[in-house]
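[1] Here you go, sequence then predicted model.
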Amino acid sequence: MAFIRFSDRPAFRNPWVEFERIRQGLDELSRSYAEKGKAQIRANVYPPLNIYEETDKMVVTAEIPGIKAEDLEISIEGETLTIQGKRSSRQDDFTISYHRREIESGSFSRAVSLPVKVDVEKISAKLLDGILTVTLMKAAEATPRQIKVNAD
Amino acid sequence: MSEKQLQVQEKQSARTQGETTKNETYYAPQVDIYETEKEVIVVADMPGVQPEGVDLSLEDNILTIQGRRKEVAHSGRMVLEEYEPGHYLRRFTVAETIDQEGIEASLADGVLRVRLPKAAPAQPKKIAVKIG
């Protein structure tokens, strides 16, 4: 005969406990989203981007130090914006000796899909002090239109 | 493709001596430091910093690189945030004796390049021993 010690007996299980736990978890999740209001995601493809949405345009910014405008290629296909480029390697002179090498060189390619349709004809990009700013005007059908209410 | 792909490097907060009164973010810029026969060169990535925002000093062999960027206000709703802009700060102890007057700095494409010329080494002086 098997003995079951008192402490080993399963405690009385409230069948609703699990639901309560899930509800609390969901509450917490929605709260953390509401507080932030935006999604901070760690980028895993270079370069990290920030995207802002205005009423009539989308603005994409990236920090890309050491990359020249001529080494940068930006293209759009549908709603996918592609930023490609390369950071050219520094001089490989044998007479210099490195103390620290933290700056990497190489190429990159990043594609990002935009949440709205953009007008492919009206895209401008500028590179200033290592910051790339791409401004994309929204397509006419994606811009909000004011509707005037007429009172009779 | 034989070329190396660039990887995202996590921005590291700069270590400041004491806290700052303003609630601003300082990052430690990525740097390359190399030495030639005549000079020590420090290259630092500081995107968004303009020449007037750079503050360099060399005091008691401690080189301080500070880059302050202008606040750029973006209107509209942020839909994606993968990086946070901030100022830059980093300090180094320079082992070599540097000619303070000859320090030069240039800024291009968000990359700061500081040239620290080494001071001319003291001429070895021969001391003649007189036999008296």
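    Received the coordinates, thanks. Residues are numbered from 1 along each chain as shown, chains lettered A, B, ... in the order given.

[2] Point me to the residue of chain A nearest chain B.
    Closest to chain B within chain A is residue A:130: 1.8 Å, counting by C-beta to the nearest C-beta. Where you see a C-beta, it was placed from the backbone N, CA and C, and this is true even at glycine.

[3] quick one: the helices in chain A?
    Ranges of helices within chain A are A:17-36, based on DSSP state H.

[4] Okay, now the unreliable bits of chain A?
    Low-confidence segments of chain A, defined by pLDDT under 70: A:1-13, A:32-42, A:89-94.

[5] Extract the residue ranges of chain B that are flagged as low pLDDT.
    Ranges of chain B meeting pLDDT under 70: B:1-3, B:16, B:122-124.

[6] try it again with 50
    The model of chain B has pLDDT under 50 over residues B:1.

[7] center of it, which residue is that?
    For chain B, the residue nearest the mean C-alpha position is residue B:65 (4.2 Å; C-alpha atoms, centre = their mean).

[8] does the longest strand along chain B come close to chain A?
    Among the elements of type strand in chain B, defined by DSSP state E, the one spanning the most residues is strand B:49-59. Yes. Under the criterion of C-beta under 8 Å from any C-beta of the partner chain, chain A is reached by strand B:49-59 at B:49, B:50.

[9] in that strand, what counts as buried?
    For strand B:49-59, the buried set under the neighbour-count rule, 16 or more other C-beta atoms under 10 Å in any protein chain shown, comprises B:49, B:53, B:54, B:56.

[10] ok, the last one touching residue B:64?
    Read that as residue B:56. Yes. Using C-beta atoms under 8 Å, residue B:56 makes contact with residue B:64 at a distance of 7.0 Å.

[11] neighbours around residue A:58, how many?
    Neighbour count of residue A:58, defined by other C-beta atoms under 10 Å in any protein chain shown: 22.

[12] what sits opposite it in the beta ladder?
    As for beta bridges, residue A:58 partners with residue A:53, residue A:136 under DSSP bridges.

[13] where's the residue nearest to residue A:104 when sequence neighbours are not counted relative to residue B:115, distance?
    Leaving aside its sequence neighbours, residue A:104 sits nearest to residue B:6 (C-beta to C-beta, 6 or more residues apart in numbering or on different chains; 5.9 Å). Plainly put, residue B:6 is 26 Å away from residue B:115 if you go by C-beta to C-beta, to the nearest Å.

[14] Strands of chain A, residue ranges please.
    Here chain A has its strands, by DSSP E, at A:49-53, A:57-63, A:72-77, A:80-87, A:97-101, A:106-113, A:118-128, A:131-138.
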